[in-house]
Every structure is written in structure tokens, then in C-alpha cells.
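**Student:** Below are the sequence and a predicted model for it; my questions follow.
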Amino acid sequence: MNATEVYVGRSFGGREVDITPELVSDYSEAVDDHHAWYSQDSPWGGPAAPALLLHSEVYRNLAWYLPRIYGNLHARQEWEFFQPAMVGDKITTQSVVIDRYIKRSREYIVNEVTCLSADGSMLNRGRTHQSFLLDAAATGVVVDKDREKRADRRFEVESAGAIEEFEGPAKEITLEMCQKFSGPVKNYHNDVEEARKLGFPDIVVQGMMPICFISEMMTNRFGGGWYGGGRMNLNLVNVLWKGDRVQCRGLVRELLPEGSRNRAQVQVWCEKTDGTKVIVGTASGLVA
């Protein structure tokens, strides 16, 4: 293999991470999520880290990116949760490319990051689908703010037949949130000039942020059944811009037996105040 080729099976290493109270506090401030379990007792005997505390571990080393980053976008995200990381733990991360494919005008690299506890047991596993433009000569605006108004960018959700409806808190995406979540280095997720260099008219809110909002909603609804057994498969269908206001919602579609408990299959989405969906997909959590 070419030493620089991003091929399926190529490992990009990992690191050891101390789960400190400061790390948890930084996360809470960045996404405005202050669940009591993060700083007080949890069902596991002490403060538990947010399920997506290391949401952007996959982006710490961008050697798996294709060379041309102009117009690149986070397109899809999968996650599985097996057990919580506790505040005070030391965990290890591992990163490997598991897929590479072409769809329409973009090429996709899928990077899987696994988080392991000190004894080697799996805490969670995430798969990030990052898309890159095939047209190496593309210039100008890649995605403008009018695209989401097109009929083919509208995603309707039918609530008929749902067992339960629930929602997360409404959030307005401020520049401060973008800087805390995607900083401190300037990039197209926290600086408008950097965004324009990559073909966007304004700050593109990092896709992991609304995904964290969905995880917050699922934590509030399913608690331990999210930390141990939670899953999600999400498509990032429209750009979330700095200044947008969004809210996450969920519909429980069915309950399926799983051992001594049931798995609640949930249709989830995150939408702007005008109904524009930025994320649509599925998630599930365990219930008694």
C-alpha cells in the first residue's frame, strides 16, 4: 500500500485520556447540558461522564482525511454505547478506517473510533462518515443558506402510530458555543473567514454538536438504558449555521424484547424553528 493512502483497515492510532471533572465541565458548557450525573452520584456509584464526552476524538488526527478538504462535510454518524466512563477513569481510544465509498458527487471515508476502559472492556464505538467533493476543480459556494429551502431538502415526520413522543430542550447556537465546542484553533466550525475559505457563507456548526443534543435527549429519557445499550444511526441532512435555534425530538415506534428488558426503537430528528431538519435517523435505548 502507498504510505499515504487512506485504505480500509488502516489504523490511525489513538491515545490515553483522563476523564477529569474539568473535561466534563468543558463539555457541559459547550453544549449547555448539565445533567446531575455528570457532577454528582449516578447509578454507577459516582459522577459519570456524558455519553458523548469524546464526541470529536475522531477529529484529533486528520491524517485519514482525503487531501482536498474544500467543501468537506460530516454526512452520517453511528454510535453504540456499552457502559459509562466514570469521572476519574483513564481510557484508551483507537481509530481505524473501516469503509470507503462513492455516492453521487462525493467520496466518503468511514472512520471507527473505539473507546476502551483501563481493563480493556469496550465503553462505546462511533463510526463517522465524512464526505469529500469528487470535483477537484470545484470553487465558489458549496452549500448556501437557500439550499435547505428546496423541496428535496425537506424531511417530514409522521407521528401517527407512535407509542410515545418526547423532546429535548431548545437551543440557540451562539458563536461562544461554536468556539468552545470546536476550538481553540480557528476553523470553519468557529470562524466565518475560515468557513468561506472552504466554500461556505457562514460558520458551519460542527455536526457532532446537534448529535450531542440528541444524546442529551436520549440520556434524559432512558438514563442507564442509554449509557448501557444505547444506539443511534443519524444522517446529517442540512447544514446547521451559527445563530440557528434547534430542538431535538423523538418518537418511540415500537418496543422489542431484549433479554429481561425491552429495546425502545425511536425515530429521532433535530430541527430548526422553521421545521428544517438538520439530522434525521434512528436511535434506541433499553427500558424495563
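**Tutor:** Structure's in. What do you need?

**Student:** what number of residues lie near residue 104?
**Tutor:** Per other CB atoms under 10 Å, the neighbour tally for residue 104 reads 6. For glycine as for every other residue, the C-beta is placed from the backbone atoms N, C-alpha and C.

**Student:** Show me where this protein has its helices.
**Tutor:** Per DSSP state H, the chain carries helices over the ranges 21-31, 175-182, 192-197, 208-222, 224-227.

**Student:** for the third one, what is the average pLDDT?
**Tutor:** This points to helix 192-197. Averaged over helix 192-197, pLDDT sits at 98.

**Student:** Which strands or helices does that helix pack on?
**Tutor:** Of the remaining helices and strands, none touches helix 192-197 by 3 or more CB pairs under 8 Å, 6 or more residues apart in numbering; DSSP states H and E.

**Student:** Give me the buried positions along that helix.
**Tutor:** For helix 192-197, the neighbour count (16 or more other CB atoms under 10 Å) marks 192, 194, 195 as buried.

**Student:** Nearest to residue 10, out of the helices of the chain?
**Tutor:** When the helices of the chain are compared by CB to CB, helix 208-222 sits nearest residue 10, at 22.3 Å.

**Student:** and the angle for that closest one with helix 175-182?
**Tutor:** 90 degrees (axes from the mean of the first three to the mean of the last three CA atoms, to 10 degrees).

**Student:** From the chain's centroid, how far away is helix 208-222?
**Tutor:** 9 Å (CA atoms, centre = their mean, to the nearest Å).

**Student:** Also stretch 163-173?
**Tutor:** Distance of stretch 163-173 from the chain centroid (CA atoms, centre = their mean) equals 16 Å.

**Student:** what's the span of that stretch, first residue to last?
**Tutor:** Taking CA to CA, to the nearest Å, the first and last residues of stretch 163-173 lie 31 Å apart.

**Student:** likewise stretch 254-274?
**Tutor:** OK, stretch 254-274 end separation, CA to CA: 28 Å.

**Student:** average pLDDT across that stretch?
**Tutor:** For stretch 254-274, the per-residue pLDDT averages 98.

**Student:** Over to stretch 8-26?
**Tutor:** 98.

**Student:** Show me what that stretch is in contact with.
**Tutor:** 1, 38-39, 47, 49-50, 53-54, 57, 60-61, 63-64, 85-100, 111, 113, 180 (CB atoms under 8 Å, 6 or more residues apart in numbering).

**Student:** Just to be sure, which of the residues you listed are found in strands?
**Tutor:** 90-100, 111, 113 (DSSP state E).

**Student:** out of those residues, what pair is the most spread apart?
**Tutor:** The largest separation in these, counting by CB to CB, is between 90 and 100 at 32.1 Å.
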